[in-house]
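> Any chance you can model this:
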Amino acid sequence: RFHRWQIGIAAHHHGNTGRTRGCCHVRFRRDCQRLPHRPAAPALMRRITNVRLPAPLGGATKRQHWLDLNIEGVVTALGPMGSGTSQAENNWNGDWISPRGIDLQINGGLGLAFPELTPHDLPRLMELLDLLWSDGVEAIAPTLVTCGIKPLRNALAVLREARTQHRAGRCRLLGAHLEGPFLAESRRGAHPREHLASPTLTALETRINGFESEISLMTLAPELVGADAVIQRLRDLGITVALGHSAANANTTGQAFSQGVGMLTHAFNAMPGLHHRAPGPIGEACRNGNIALGLIADGVHVDPTMAVLLQRLAPSQIVLVSDALAPYGLADGTHRWDERTLLVTKGTCRLEDGTLAGVTLPQLEGVKRLARWSQEIGPAIWSATIAPRQVTQSTCNIEEALLGQPLSDLLRWTQNADGDLQWANAA
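Coordinates of the predicted model:
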């Protein structure tokens, strides 16, 4: 066990003893030199006190904790504050600590659309990953929306190469999120109709053959004929399957969950809503209790009231995503998206016909907005930092996410005088 501020006290001294003869063992100097050397003193520890940890709504988000750091600033231990716990060191006064965000739905940035990636885009992709790190995001599942087979495979190859260029202090690339092409035409939203496809094992193989281990997530409509076999194949490959861009009712949704579908992509959007006579995918997911609910907390895709209601209905299931598009990191205005025009106003992206397409807001902006709407800070932080890890890693809690991490890689969250949430690097 580590103890704070441990100091080794040397029992044998060869420095200045105040004696002109030097070492008191001068008559036996040769033997003295053979005495075993005492180990070096352990590295000094540092403790942070009165820290809060994020947790789902209803969890212990009010309880304050201590964290121990070693000399290199790595978290080595943590625990709840007790009556005898020292308060005299680095007191955070109830601020929250968390790992950086994990964004499971982001479509591009800095002008890059992930489905259009070519090898020439690698330098700009590295810039985007650096920007994401500075925006508080540790890792992303680069999302490839419905597109042609050749561009899809080209993009997967570029992402494979990009993973080899990862370095500390840069956002990490998880496996890709394939959002399509097995989507319901009536719920396709901004996905191009000409690239939609019926779910078959052949169609799946044509797209992902050779990249199976580099795909984390696939969104599809489970009500489509042939989807059952595709879902089973994806689960056999260890790929998480999400329901999205779907017209499924509650019964079909329940069957999909029993087959292994484990998430809803951008809940409320591109699917039947929550109705008292037709609960749809959202109602069935809340009833199930074990389905991740991707939520875009921009206030446009989902009204703030509905976002808060969903958080209260399913507190441990909310996973905040950005759904950011290629203009992420660029100014509002007119941008290109494949052959189409994208209009960006106040961070909201629409096609020229008004179809809602995505956002340009950082993922952690969604945390701040959800915290403001719900007046619940810890649960909002948890939904962007811990909940996504549980989708991709299955067994991650806040303690596992913090232990062994440098403080410089973590985030500190503070509520300002106006009640708004702010974050900064923890170190």
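
> can you give me the helices for the stretch 151-300 of the chain?
Using DSSP state H, counting those that start in this stretch, the helices of the stretch 151-300 of the chain run over 201-208, 227-236, 250-259, 280-288.

> I'd like to know which of the ones you listed lies nearest to residue 144.
helix 201-208 (9.5 Å; CB to CB). Any C-beta I mention is one placed from the backbone N, CA and C, and that applies to glycine too.

> picking that back up, deepest of the helices of the stretch 151-300 of the chain, which one?
Scoring the helices of the stretch 151-300 of the chain by mean neighbour count under mean count of other CB atoms under 10 Å gives helix 280-288 as the most buried, with a mean of 21.

> Output the contacting helices and strands for that helix.
helix 250-259, strand 261-264, strand 292-296, helix 304-313 (3 or more CB pairs under 8 Å, 6 or more residues apart in numbering; DSSP states H and E).

> Quick one, which of the helices of the stretch 151-300 of the chain gets closest to residue 68.
Between those, helix 280-288 lies closest to residue 68; by CB to CB that is 38.7 Å.

> What lies in contact with that closest one?
Residues outside helix 280-288 that contact it (CB atoms under 8 Å, 6 or more residues apart in numbering): 243, 246, 248-250, 253-254, 257, 264, 267-268, 271-275, 279, 291, 293, 310, 313-314, 317.

> ok, of those, which come out buried?
With burial judged by 16 or more other CB atoms under 10 Å, the buried subset of these is 243, 246, 248-250, 253-254, 257, 264, 267-268, 271-272, 274, 279, 291, 293, 310, 313-314, 317.

> Dump the helices of the stretch 151-300 of the chain to a markdown table, plus mean pLDDT and distance to residue 329.
Below are the helices of the stretch 151-300 of the chain laid out as a markdown table (pLDDT from 0 to 100; distance: least, CB to CB, whole Å):
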| stretch | mean pLDDT | distance to residue 329 |
| --- | --- | --- |
| helix 201-208 | 98 | 28 |
| helix 227-236 | 98 | 31 |
| helix 250-259 | 98 | 35 |
| helix 280-288 | 98 | 31 |
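
> Serialize those to TSV and add fields for distance to residue 90.
Listed next are these as TSV, based on distance: least, CB to CB, whole Å:
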stretch	distance to residue 90
helix 201-208	48
helix 227-236	46
helix 250-259	45
helix 280-288	40
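
> Point out the one among these that comes closest to residue 390.
Ranking the helices of the stretch 151-300 of the chain by distance to residue 390, with CB to CB as the measure, places helix 280-288 first at 14.9 Å.

> angle of the closest one against helix 250-259?
If you take axes from the mean of the first three to the mean of the last three CA atoms, to 10 degrees, helix 280-288 sits at 50 degrees to helix 250-259.

> What number of neighbouring residues does residue 50 come out with?
Under the neighbour criterion other CB atoms under 10 Å, residue 50 is assigned a count of 17.

> Likewise for residue 336?
When neighbours are counted by other CB under 10 Å, residue 336 registers 13.

> and it, what is it in contact with?
Each residue near residue 336 by CB under 8 Å, 6+ apart is listed here: 326, 342.

> again, but for residue 91
48-50.

> Pull the distance from the longest strand along the chain to the chain's centre.
Among the elements of the chain assigned as strand by DSSP state E, the one spanning the most residues is strand 137-145. For strand 137-145, the distance from its own C-alpha centre to the chain's C-alpha centre is 9 Å (CA atoms, centre = their mean, to the nearest Å).

> In the sheet, which strands lie alongside that strand, parallel or antiparallel?
strand 101-106 (parallel), strand 172-173 (parallel), strand 176-179 (parallel) (DSSP bridges).

> Let's see the pLDDT reported for the residue positioned nearest the centre of the chain.
The residue lying closest to the centre of the chain (CA atoms, centre = their mean) is residue 102, at 1.2 Å. pLDDT for residue 102: 97.

> contacting residues around it?
Here residue 102 is in contact with 137-140, 174, 384-385, 388-389, 392 (criterion: CB under 8 Å, 6+ apart).

> Adding pLDDT, distance to residue 126 and neighbour count, write those residues out as JSON lines.
Converted to JSON lines, these look like this (pLDDT from 0 to 100; distance: CB to CB, whole Å; neighbours: other CB atoms under 10 Å):
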{"residue": "137", "pLDDT": "98", "distance to residue 126": "15", "neighbour count": "24"}
{"residue": "138", "pLDDT": "97", "distance to residue 126": "16", "neighbour count": "23"}
{"residue": "139", "pLDDT": "97", "distance to residue 126": "15", "neighbour count": "22"}
{"residue": "140", "pLDDT": "98", "distance to residue 126": "13", "neighbour count": "29"}
{"residue": "174", "pLDDT": "97", "distance to residue 126": "16", "neighbour count": "22"}
{"residue": "384", "pLDDT": "98", "distance to residue 126": "23", "neighbour count": "31"}
{"residue": "385", "pLDDT": "97", "distance to residue 126": "24", "neighbour count": "29"}
{"residue": "388", "pLDDT": "97", "distance to residue 126": "22", "neighbour count": "27"}
{"residue": "389", "pLDDT": "96", "distance to residue 126": "24", "neighbour count": "20"}
{"residue": "392", "pLDDT": "86", "distance to residue 126": "22", "neighbour count": "17"}
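
> what's the next secondary structure element after the host helix or strand of residue 392?
Taking DSSP states H and E as the definition, residue 392 sits inside helix 387-393. Downstream of helix 387-393, the next assigned helix or strand under DSSP H and E is helix 398-402.

> strands paired with the helix or strand following that next one, and their directions?
Per DSSP H and E, the first helix or strand lying C-terminal to helix 398-402 is strand 411-415. According to DSSP bridges, strand 411-415 forms sheet pairs with strand 96-98 (antiparallel), strand 421-425 (antiparallel).

> about what we covered before: out of the strands paired with strand 137-145, which comes closest to residue 365?
Shortest distance between residue 365 and the strands paired with strand 137-145, using CB to CB, is found for strand 101-106: 10.4 Å.

> got the angle between the closest one and strand 292-296?
Note on geometry: by the same axes, to 10 degrees, strand 101-106 and strand 292-296 are set 80 degrees apart in direction.
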